[in-house]
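Novice: Structure for this input, please:
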Amino acid sequence: MNTNINTASSSVRVRSILGANLLLALAMILWASGFPAAEVLLEVWDPLTLNSTRYFLTLILLVPLWIVLDGFRSFLDASWLKGMTIGGIGFGLGTYLILKAQVLSDPVIVSIVVVSTPAIATGLEVLLDKRRLKKVFVSGVTLAILGGAIAVWDNSRVETVGLGAFVAFVACIFFAWGSRAAVKMLPDLTLTGQTSITAIGAFVFSVSISIFGYLLGHQKIPTSINIIETLPELLIYSIFAFTISQLLWIGGIRKVGIAVASIHFNFVPFYVMFSLVLLGGSWSWVSVIGTAVVVAGVLLANRKT
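Specialist: The predicted structure is shown next:
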């Protein structure tokens with residue numbers, strides 16, 4: 001009897017982990033689609049205005065969904081100060097820095113730096129959650145990072161990383177912290193609530209910084225942006241690369257934790273390369289091999305020991 005219960009329990013756990021990793025993989029595919037879209041948008045949009053517009057479009061969908069699914073009382077009783085702080089710092093500032101890094105470099109360079117996220121996330125769990133690292137998990141993370149490095153090994157611009165890479169690395173720290181905090185520090189909210197309240201915080205942060213920049217003269221008020229011409233890229237960047245991606249991302253973290261979830265960032269260079277191929281770029285078999293190594297690392301890190 002106990003054997004049957006243990007077997008059933010193990011089977012449920014395997015399905016849960018598999019489902020969570022599929023959610024995370026889809027989240028990263030959608031998130032990576034935002035890099036080529038942002039490259040087009042940044043030709044006519046400044047990072048702060050683009051960031052603010054992105055979150056505005058996100059909230060048009062998320063806030064009504066939150067109220068419909070969880071009720072208006074859940075909306076009113078939410079931990080607003082905590083949620084908006086997490087969203088402002090983790091996602092508002094994090095996304096702005098990612099855009100700034102892309103301005104300073106390009107989508108591929110930024111995707112290379114994103115490979116460092118699993119190490120950052122693991123460090124956060126060790127420091128903040130007192131997580132004890134097991135050899136099989138460390139081996140999985142190491143293998144995944146190695147795969148991410150292989151995926152970009154033949155990129156001719158690796159040596160030109162510079163300031164853009166540093167800004168992207170700082171962005172990864174904020175994003176990893178915000179992702180963990182959204183789940184750990186807002187446990188009373190549902191997935192929709194956690195995603196929505198942090199998105200509101202990111203929007204308030206982005207708009208506030210934009211207004212501050214306009215008043216100080218560090219940034220010009222945009223007057224020549226043709227939203228209609230850039231609407232397809234704007235929808236990809238806002239709805240697919242954040243709204244849907246963020247729901248899937250936080251949903252996956254709720255099941256497996258930020259350290260395991262962040263391993264999926266190692267797939268981003270391949271996803272970005274694939275997106276650029278669809279837009280006329282070149283295919284890289286080295287990236288494909290690197291992606292296969294990442295898959296092996298993800299499987300290893302998810303093993304129960």
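Novice: quick one: the strands in the stretch 101-250 of the chain?
Specialist: Counting by DSSP state E, counting those that start in this stretch, one finds no strands in the stretch 101-250 of the chain.
Novice: Find the residue ranges of it scoring beneath the pLDDT cut-off.
Specialist: Per-residue confidence of the stretch 101-250 of the chain (counting by pLDDT under 70) places the weak regions at 108-109, 112, 133, 141, 144-145, 148-162, 218-224.
Novice: how about the helices of it, start to end?
Specialist: Ranges of helices within the stretch 101-250 of the chain are 107-114, 117-129, 135-151, 162-184, 191-216, 231-235, 245-256, based on DSSP state H, counting those that start in this stretch.
Novice: Just say which of the ones you listed is most tucked in.
Specialist: Looking across those with neighbours counted as mean count of other Cβ atoms under 10 Å, the highest average goes to helix 107-114: a mean of 25. In this view, the C-beta of every residue, glycine as well, is placed from N, C-alpha and C.
Novice: Which of the helices of the stretch 101-250 of the chain sits closest to Leu57?
Specialist: helix 231-235 (7.3 Å; Cβ to Cβ).
Novice: Check which helices and strands that closest one sits against.
Specialist: If contacts are counted by 3 or more Cβ pairs under 8 Å, 6 or more residues apart in numbering; DSSP states H and E, helix 231-235 sits against helix 2-41, helix 47-70.
Novice: Mean neighbour count, the ones you listed: which tops it?
Specialist: Neighbour counts averaged per stretch over the helices and strands packed on helix 231-235 are highest for helix 47-70, at a mean of 19; criterion: mean count of other Cβ under 10 Å.
Novice: How far does that one sit from its chain's centre?
Specialist: With Cα atoms, centre = their mean, to the nearest Å as the basis, helix 47-70 stands 16 Å off its chain's centre.
Novice: Okay, angle between it and helix 245-256 too, please.
Specialist: Interaxial angle of helix 47-70 relative to helix 245-256 (axes from the mean of the first three to the mean of the last three Cα atoms, to 10 degrees): 60 degrees.
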